[in-house]
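Asker: sequence unknown, structure follows:
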């Protein structure tokens, strides 16, 4: 239906950037698989794709941070080799990263000129630079006070500063990576006005986002990337939300829905009311969030990474303070860290950083939360015999592949490391299970086993919160599905018979009612 | 206290504070770029010895100074190699450097010189004798040797370099966010090497000033007496700013001069409390009780170019 | 995927390899340090082998020299194990100088009093006083680190100097503890009931080293076999995961740093009651920093502190003989110690980072292959 690759413009003159057959392999993964992409002069090209789809790698190649294994890059029709960011800047490429590269102790002006040798070395020539910066602020209506230190600037202004940095170097091709993720709606408007001006001036903009609404509003064409390759490029005018969601998220149902017994008694286990939580930057991560999970049900949370999933899991177990609302698990009000696996089992997002202590042994990791209590400690002394016995049992029951329980857990494969976490957290039969990206980086077999475990938990009567960015498994496993977008629930659907396109659109920011 | 005593104290304050200021010149740059050179105590010791030794053998202060500068850059280079390239813990490396310096200077001194207290050529006094009789400023200022005048000028130079040049901006940037610096095209590791070598050079010079400034000889086992750490304290109390650090150095020099005098004349306040002052102030500054600025974000942390 | 599995097996094989790597690392560093020392010795015109040999005889050549080594080792053992615990928790407690000073002060305050109690009681009271005073001293940097995140390295070093000057004040007349009319500022002498017994007549050997070795064993057991030790190891290896597992990280940091303080205080008390009998101005003279070096060389392992401390003491004890026999100055042993530590940490970091990167990249590689397979 759609022309799979809407290729070059008529004449090469119109093309600012062409990336041809870009391929990049990292150990064990094909991040970019023969990607073809082009961007015309004065065009705003949207780049759509989930985390891990390969767009970050692609842009890093464009900015000289990585080198492609094969493929060519053309700027203004001429083939170029981009060995470093310095070269990219020379070619007129400007990159606005998602995570700001600003020196907070320095002023805005100093950040802008950092790395540009002054005209009158060795003296720092601030006056002409300041004038130039202020002119740019005027032109694009992105106002920043040059003399203010960056750490005093609100996040929105910091974003402007990143853009001004690129414009100061007269970038003709700007890459904006999720630029509006930290902006208020009003600031978002300002951003769009600036982008439109850039486009009118003949500068090209690559606009990376997973917010459908924005992408539809500001871009001229949209390229969708999935699993390292380009799914297609469409003119924005002709794109529909449904089709874009389909392209981004994947083909319809591939994973079988797991059969399950109907659970009749549905007493609430987890009750969250009007919960507000901030992220590490003190920006709201969850807004007036409401959720109830009952015994014997799996509630799946779908959504693109970075929309509040981590904060959600952390606040339920008390690792992150709420700024408003209440969280109750059975009769217990959550106000401090819960670390009792017989009450709440928590499989965290990053097993190596927060779920395991890599330097400790498998057995020790299996009692990471329980060790101070009997039978693992008696009269102040750790009973290693008991700990080892416990480990042997779990290794058996959960099929953890390891030479022994006394090996450091860092030597286990990813899948087996995850099994250690799962075993530790779920074996004691908690009333609430929280699984946050529990299958990340696991092979099919390990994924299956995690799914089976969670399902049997549900059947046993536990309440299960299943957070995952992989839509397929959310749909396969959940009794109910909610979609998280920027800290709010976009909608809720029944797991049985859920429609992937609908959910896909909600993941991109469409409210349930607006879904076509 | 009589007027004469005060003048004498002021003169001594400058004399004691000057070496501190000189050492702080280089250390401010190093710390601003994220490296704490705890070894400046040891480098000062080496510099003190080298200054005296070379002056003894050549009879020429200028050559002694040049030799000391070279030695300081070598030591700075070594420290940089371990802490920047091998990424060892900066404090531990510095402490061990101090240990080595303590033992090393004692050994070398015993080897070099039999006559322990023979005086050597020292820094010349700048102004002619006629200036000495000007009330107050005469003894306090004009009588001071060249080394003190150098020390008075250096903070302004440092301030200018740090805030008014490209290079200074780059140093400030990488101490706070080296990844941002790298993305902007700065050579982070190279910059760190330069600032650390600078701290070595000026630590050695400061040490030489202790022996060549007026004293003219080296006494084994305690020439520097913890002054390197006083400089570290001054940098913290001074908020990592060259001018404020220099003021702190002068203040600590004054405290030093005062406590020395108090030891002989006796006073209500125990002189030891003056000795404690720099260190207590440092802790207070770090705890946020006193003092204004925060340390450079990567203070003491090694930089890994692969951490993008 | 098979390739990664193979690589896994290779690394898994060493429950041994791990140990070897962690054991060999310090040895290589020490070797390099000795080599560097040899270079300097050679530069001064002496045959390094002669020098090291005379050092050896000076250290273990006779019962008297061995007793010297053990006496010198006492504070290094007691104080060093306190620092070692900190290292296991990834905390750098450099304040041993200060703890020894303040501990000595506490011991002397109790020791000079003519208490009508048997010696054993008097001694124990003095030790407790020492630990108490040192704990108070250590509370400042410990609190600042645990609850305000202030870098403990700088604060502990600063406290060392404050302690030194404070003690200097306390042993000057007219302070109550000071010895009246003495040339050199020092405290009064401790009562006979507070003196530690000499184990071998004709030497200065007091039971300090025995307590030191016992302390090392004790803390090794604590680290290995108690919940507290488990928490300490978690904290040192991965504070985030420790927090997730419900460990009160702040309290743990406080306790670990206080242990370093208390042990340093105890070391000071033994120095007074076993060796010096009084507190002299500036008597510590770098021993505190040597405790840190000992702990570093041992990689934070309490059992490792024993050979490490003995090695250090042997170097220092042998240094005097070396200087007499070969003319190489005694301070050379301190220089060699410094070189050894620097090389140990230089070698150590490289290895650790390499190991980490290896497991990380393997994980990543796996993750991505398998995630992709799944989604397809």
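Answerer: Noted; the coordinates are in hand. Note that this is a predicted model, so its numbers are computed, not measured.
Asker: C-alpha from now on. contacts and neighbour counts both.
Answerer: OK.
Asker: burial measure for residue C:329, as a count.
Answerer: 21 (other C-alpha atoms under 10 Å in any protein chain shown).
Asker: For the stretch 301-450 of chain A, what lies in contact range of chain C?
Answerer: A:319, A:337-339, A:353-360, A:368-369, A:371-372, A:377, A:380-384, A:403, A:407, A:410-414, A:440-444 (C-alpha under 8 Å from any C-alpha of the partner chain).
Asker: Which of those residues fall in helices?
Answerer: In this view, these that belong to helices under DSSP state H are A:384, A:414, A:444.
Asker: pLDDT score assigned to the second one?
Answerer: To tie it back to what came earlier, the one meant is residue A:414. Listed pLDDT for residue A:414 reads 81.
Asker: Might one say that it is in contact with residue A:441?
Answerer: Yes: counting by C-alpha atoms under 8 Å, residue A:414 touches residue A:441, with 6.8 Å between them.
Asker: Neighbour count for the two, which is higher?
Answerer: Applying other C-alpha under 10 Å to residue A:414 and residue A:441 shows that residue A:414 carries more neighbours, namely 26 against 23.
Asker: which residues sit in contact with the residue of the stretch 101-250 of chain B found nearest chain C?
Answerer: Taking C-alpha to the nearest C-alpha, chain C has its nearest neighbour within the stretch 101-250 of chain B at residue B:103, 4.5 Å off. For residue B:103, the contact set (C-alpha atoms under 8 Å, 6 or more residues apart in numbering or on different chains) comprises C:331, C:332, C:333, C:334, C:335.
Asker: wait, the first one sits on residue B:106?
Answerer: Yes: when contacts are counted by C-alpha under 8 Å, residue C:331 is listed as touching residue B:106 (6.9 Å).
Asker: my guess is residue C:338 contacts residue B:101, does it?
Answerer: No: taking C-alpha under 8 Å as the definition, residue C:338 is not a contact partner of residue B:101, at 9.2 Å.
Asker: Looking at these two, which has the bigger crowd around it?
Answerer: residue C:338 (27 against 24).
Asker: On the pLDDT front, check residue 62 for me.
Answerer: Going with chain A. For residue A:62, the predicted pLDDT is 92.
Asker: Correction: the question concerned chain C.
Answerer: You'll see residue C:62 listed with a pLDDT of 84.
Asker: got the contact list for the closest residue to chain A within the stretch 51-200 of chain C?
Answerer: The stretch 51-200 of chain C approaches chain A most closely through residue C:88 (11.8 Å), counting by C-alpha to the nearest C-alpha. Neighbouring residues of residue C:88 by C-alpha under 8 Å, 6+ apart: C:232, C:233, C:236, C:300, C:301.
Asker: quick one: contacts for the second one?
Answerer: For residue C:233, the contacting residues are C:88, C:89, C:223, taking C-alpha under 8 Å, 6+ apart as the criterion.
Asker: Make JSON lines out of those residues and add pLDDT.
Answerer: Formatted as JSON lines, the contacts of residue C:233 follow (pLDDT from 0 to 100):
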{"residue": "C:88", "pLDDT": "94"}
{"residue": "C:89", "pLDDT": "94"}
{"residue": "C:223", "pLDDT": "95"}
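Asker: Quick check: which element contains whatever residue of the stretch 151-300 of chain C ends up closest to chain A?
Answerer: Proximity of the stretch 151-300 of chain C to chain A (C-alpha to the nearest C-alpha) peaks at residue C:241, 4.0 Å away. Taking DSSP states H and E as the definition, residue C:241 sits inside helix C:239-244.
Asker: burial count for residue A:78?
Answerer: Neighbours of residue A:78 (other C-alpha under 10 Å): 11.
Asker: Residue A:497 too?
Answerer: 10.
Asker: And it, how far from residue A:258?
Answerer: 12 Å (C-alpha to C-alpha, to the nearest Å).
Asker: confidence score at the residue of the stretch 101-250 of chain B closest to chain C?
Answerer: For residue B:103, pLDDT reads 82.
Asker: What strand or helix carries it?
Answerer: Element membership of residue B:103, judged by DSSP H and E, is helix B:90-112.
Asker: For that helix, buried residues please.
Answerer: Residues of helix B:90-112 classed as buried by neighbour count (16 or more other C-alpha atoms under 10 Å in any protein chain shown): B:90-109.
Asker: go on, stretch B:4-20?
Answerer: B:7-20.
Asker: give me the number of residues near residue 113?
Answerer: Just so you know, I chose chain A. Applying other C-alpha under 10 Å, we find 22 residues neighbouring residue A:113.
Asker: Chain C is the one I meant
Answerer: Neighbourhood size, residue C:113 [other C-alpha under 10 Å]: 15.
Asker: now residue A:411
Answerer: Neighbours of residue A:411 (other C-alpha under 10 Å): 24.
Asker: Show the pLDDT at it.
Answerer: 88.
Asker: cool, and the one 10 residues further on?
Answerer: At residue A:421 the predicted local distance difference test score is 95.
Asker: Which element, helix or strand, includes it?
Answerer: Short version, using DSSP H and E: residue A:421 is in helix A:414-426.
Asker: and the gap between the residue nearest the centre of chain A and residue A:471?
Answerer: Geometric centre of chain A, nearest residue: residue A:305, 3.0 Å, by C-alpha atoms, centre = their mean. Distance of residue A:305 to residue A:471, given as C-alpha to C-alpha: 11 Å.
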